[in-house]
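**Q** Need coordinates for the following:
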Amino acid sequence: MAASLTAFPIIERRALLGSSERQRLPGAYGDLTAQRLTSILLQLQRGEVEHWAELVSHALKDDLLIHLYTTRITRVAQADYQIVPNEFGDQRLAREAATFIEECLGRITNWDQFVRNALHAIALGYSPNEIEWDRDGMSRTTYARAIHYINPNRFRYDDQWKLRLYDHGLRAISSGNMYGEVLYPPNWIVHQHNELAGDPCDAGLMRMSIWRWLFRRWADTFWIQNLEKYGAPFISAEVQPNTPEAVRQQIKAAIVDLGIDRAAVMEAGGKLTVTPPAMGTGTASQHELYMDFAARSLGSTWLGASDVSMPGENGSQAAVSGRISATTDPRMVTDGSNFCGTLHRTLFYWLIHFNRHKFDQLPPIPKMRMKTASDEQKTDVQDLAEQNAQDRASGNGAAATSGAPYEVRGGSASPGLEDALNPAPAPADPNAPPADPNAPPAPADPSAPAEVKKQETALNGAQVTSLVDVLKEVAIGGLPRESAAVLIQVAYNLDATTAEQLLGTIGTAAFTPTPEPAAAPPFGGGPPKQQADAPPPPPGDAPPAAASIPKDQSRTTQVRQTVTTPAQTSLTSSRSTGPLETVLRAKWDGRPR
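**A** Next up, the predicted model:
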């Protein structure tokens, strides 16, 4: 019976934008210096993320960074996802919970935008999102109506590196805590991205990219200044030595004001000199070289060895795809896996918890899986193989494989290899008579049953070892030959002929066991010492000789030792006897077991 409905008080949103926060302007970072950046990073180490979040938002407006940022996020945001049941626990409840989560995700009005906003943690290190809960009274369902992204500069970390709502100190006053207001777990989805193991202050790709971005920005500024000064031709005027100062200043002002859309009239005797620019067209300055290096470095940080950071020598598509598959795609897979884990721990957990009355008991929390780039590669190869099989079945195999070898993203498929693994059926003989439907089936190939029988009767290594032990026991008299033959047939599924061939002459009068070699005398001569723990043999009885098993019937040369007593012969072995073997021994010697 389903559990009784537990009333869940919907908590109103706590991060609604106040009037003071709405009118507040972010800091200006247009003239960012190294000293100020160092100060911001020191604040970040203390958990004060206000200026760091604003700086990241400002830096991402860079044309290169926004390209890398969009590429990294879009590869995950555009991927298809699937809600799968948890593999642990009651599978019936797990399937019902997965279906319920799919229905709840369909109710979220801004799901696509939420995914992109949550993935902002890849750059910043964290992405806070507040859930707007609602309840459907008809179906008694508590669901998430929308998930709102909250500006990261409104938060800070406490002494345990837990994110809190700070609002630049206003929440610290209202909550009575110096770190701000504690985030109520059911209302928040805080996605965190840790590029490095450590504190959250070191998370996010911008933490590794910020200095390179600043230096590239300086190089860009210096390059523009250098271009303004040395990229345009230099114009100068020559005047007579006795030219008055007022006239000199007037000519200088005219030259400064002279541009590409201006013209000048010079009197006779005056002269204008135009000096070519120091930076000729097509030349590269040191600033340009460093900006290219910084662009490759940032591309490697965000995307790995991609075509942006390490372009191929010949620019081939195969080289680009190979680098993407080796370095870029695994990063996208990890990003999607981390995001799915966040949803599993936060949103999915609370959806199941608040609607547990719909199930017999609290079901296993479902999981989300995203179809990443690696899955697309596998699908491409599989689809291509299926298409080749269809072409051969339809008679178009020759046309499909007549051209040059084709390439597949993430790998290449060879037509020759495909045909060798899946050969096309031989064409039917047009002159052959039609088959009689009432004719008896053709006899099977006599060689095929033998091959199948050989495979079915083949023994593995453990079975061969245990079979050798049975033969040894027959050789030393621990098991009668007749009982061993029955044991081989029953335990190893062999026929009587094979069992007799395995036994050979073991256990018969024609079998002569090889005696054990005499022990070597001790150093210095004299009779060998007798073991203290072995009982002396009774008078008139000689110990039985060790059996010798031919090498072709045994995988090991180990001979088990026996201890002879007047009453019985006990076997010393590390292998315990099976039930069938125990019964056969009891029947042979008449002793109860």
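**Q** Where does the prediction get shaky in the stretch 401-550 of the chain?
**A** Where the stretch 401-550 of the chain drops to pLDDT under 70, the residues are 401-458, 513-550.
**Q** Strands along the protein, start to end?
**A** For the chain, strands defined by DSSP state E occupy the ranges 81-84, 126-136, 141-149, 155-157, 163-165, 181-182, 188-192, 234-238, 271-275, 367-370, 407-408, 411-412, 562-564, 569-571.
**Q** can you pull the contacts of the residue lying closest to residue 182 once chain neighbours are set aside?
**A** Leaving aside its sequence neighbours, residue 182 sits nearest to residue 164 (CB to CB, 6 or more residues apart in numbering; 6.0 Å). C-beta: built from backbone N, CA, C; applies to glycine. Applying CB atoms under 8 Å, 6 or more residues apart in numbering, we find residue 164 in contact with 155-158, 171, 177, 179-183.
**Q** you'd agree residue 166 is up against residue 15?
**A** No - using CB atoms under 8 Å, residue 166 is not in contact with residue 15, being 10.9 Å away.
**Q** so what sits against both of those two?
**A** Common contact partners of residue 166 and residue 15 (CB under 8 Å, 6+ apart): residue 154.
**Q** On the pLDDT front, check the residue nearest to residue 291 when sequence neighbours are not counted for me.
**A** Once flanking residues are discounted, residue 291 sits nearest to residue 219: 5.1 Å by CB to CB, 6+ apart. pLDDT, residue 219: 88.
**Q** residue contacts, residue 219?
**A** Shown in contact with residue 219 (CB under 8 Å, 6+ apart): 287, 290-291, 294.
**Q** Among the residues you listed, which are located in helices?
**A** 287, 290-291, 294 (DSSP state H).
**Q** Format those as TSV; extra columns: pLDDT.
**A** Below are those laid out as TSV (pLDDT from 0 to 100):
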residue	pLDDT
287	76
290	84
291	85
294	86
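**Q** Just the buried residues from those, in ChimeraX please.
**A** In ChimeraX, a selection of the buried entries from those looks like this (16 or more other CB atoms under 10 Å):
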select :287,290,291,294
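**Q** how does the chain divide into domains?
**A** Domain ranges of the chain: 1-232+279-394, 234-276, 460-508+545-593, per automatic domain parsing.
**Q** Let me know which of those is tucked in deepest.
**A** Most buried of the domains of the chain, by mean neighbour count (mean count of other CB atoms under 10 Å): domain 1-232+279-394, with a mean of 16.
**Q** Okay, now the unreliable bits of this protein?
**A** Ranges of the chain meeting pLDDT under 70: 1-11, 17-27, 259-262, 264, 266-270, 276-284, 305-328, 372-458, 513-593.
**Q** Which helix runs longest in it?
**A** Secondary structure assigned by DSSP H gives helix 205-230 as the longest helix of the chain.
**Q** Could you pull up the contacting residues of residue 191?
**A** By CB under 8 Å, 6+ apart, the contact set of residue 191 is 118-119, 121, 126-127, 129, 338-339, 342.
**Q** The residues you listed: which two are farthest apart?
**A** 129 and 338 (14.7 Å; CB to CB).
**Q** Isn't residue 463 up against residue 494?
**A** No - with contacts counted by CB under 8 Å, residue 463 stays clear of residue 494, the gap being 10.5 Å.
**Q** ok, now how distant is the residue nearest to residue 182 from residue 145?
**A** To residue 145, residue 164 is 25 Å away according to CB to CB, to the nearest Å.
**Q** Residue 14 now?
**A** To residue 145, residue 14 is 16 Å away according to CB to CB.
**Q** do the same with residue 368
**A** In terms of CB to CB, residue 368 sits 20 Å off from residue 145.
**Q** What of residue 106?
**A** Taking CB to CB as the measure, residue 106 falls 12 Å from residue 145.
**Q** Touching, residue 69 and residue 121? I think so.
**A** No - contact between residue 69 and residue 121 fails when scored by CB under 8 Å: they sit 11.8 Å apart.
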